[in-house]
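**Q** Got a sequence here, can you build the structure:
(one chain, ligands or ions: 1)
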Amino acid sequence: MVMPETVRRTNLKILVVGSLVNLERALQVNAHLDGHIVQGHIDYCGQVMQRQSDAHALRLLISLPSEYRALVVTKGSVAVDGVSLTVVAVTETTFEVDLIPHSQAVTTLSKLQVGTLVNVETDILGKYLARQLALEGSH
Ligand SMILES: Cc1nc2c(=O)[nH]c(=O)nc-2n(C[C@H](O)[C@H](O)[C@H](O)CO)c1C
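**A** Here you go, the predicted structure:
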């Protein structure tokens, strides 16, 4: 059973039987943190706006709605379809990530085409900070 919230926020609605997804085992509390805390709480469905390959990386440009702009920062973290990535650049309406060869090889991200919808999870750290600042600002 899938909750309406999940259908609304994620790309689960466009997956079909046989669609590939990225799975990662839960992080153990004593393990090395290779990336950032990814909870699986998707914020929105982003759209791939551009893809560009060079010798070293595949660069993806993904849409960024205004309500999440404060939560995505250059050199910060973001999860795209469950993969922890570093943000390379941010504009008013997009953010960019670079896929290293390893990530291209072991995740679904290298198959993404322009127009595809992806699950975007912003960093939990930014959410708490934004909430705190909003509460302080409302006093
Ligand atoms: C922090 C981070 N940043 C990037 C990135 O900017 N680009 C990239 O391609 N891979 C990154 N990774 C590694 C991926 O999260 C990792 O390759 C996948 O989760 C598969 O294990 C990590 C962990």
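
**Q** give me the number of residues near residue 123?
**A** Here the number of neighbours of residue 123 (other Cβ atoms under 10 Å) works out to 21. Placement of C-beta: from N, CA and C, glycine included.

**Q** hmm, I was thinking of residue 71
**A** So residue 71, with other Cβ under 10 Å, has 20 neighbours.

**Q** ok now do it, which residues does it touch?
**A** 43, 122-123, 126-127, 130 (Cβ atoms under 8 Å, 6 or more residues apart in numbering).

**Q** got it, and residue 33?
**A** Contacts of residue 33 (Cβ under 8 Å, 6+ apart): residue 27.

**Q** helix, strand or coil for it?
**A** coil (DSSP: H, G, I helix; E, B strand; the rest coil).

**Q** For it, give its distance to the ligand.
**A** Plainly put, residue 33 is 9 Å away from the ligand if you go by Cβ to the nearest ligand atom, to the nearest Å.
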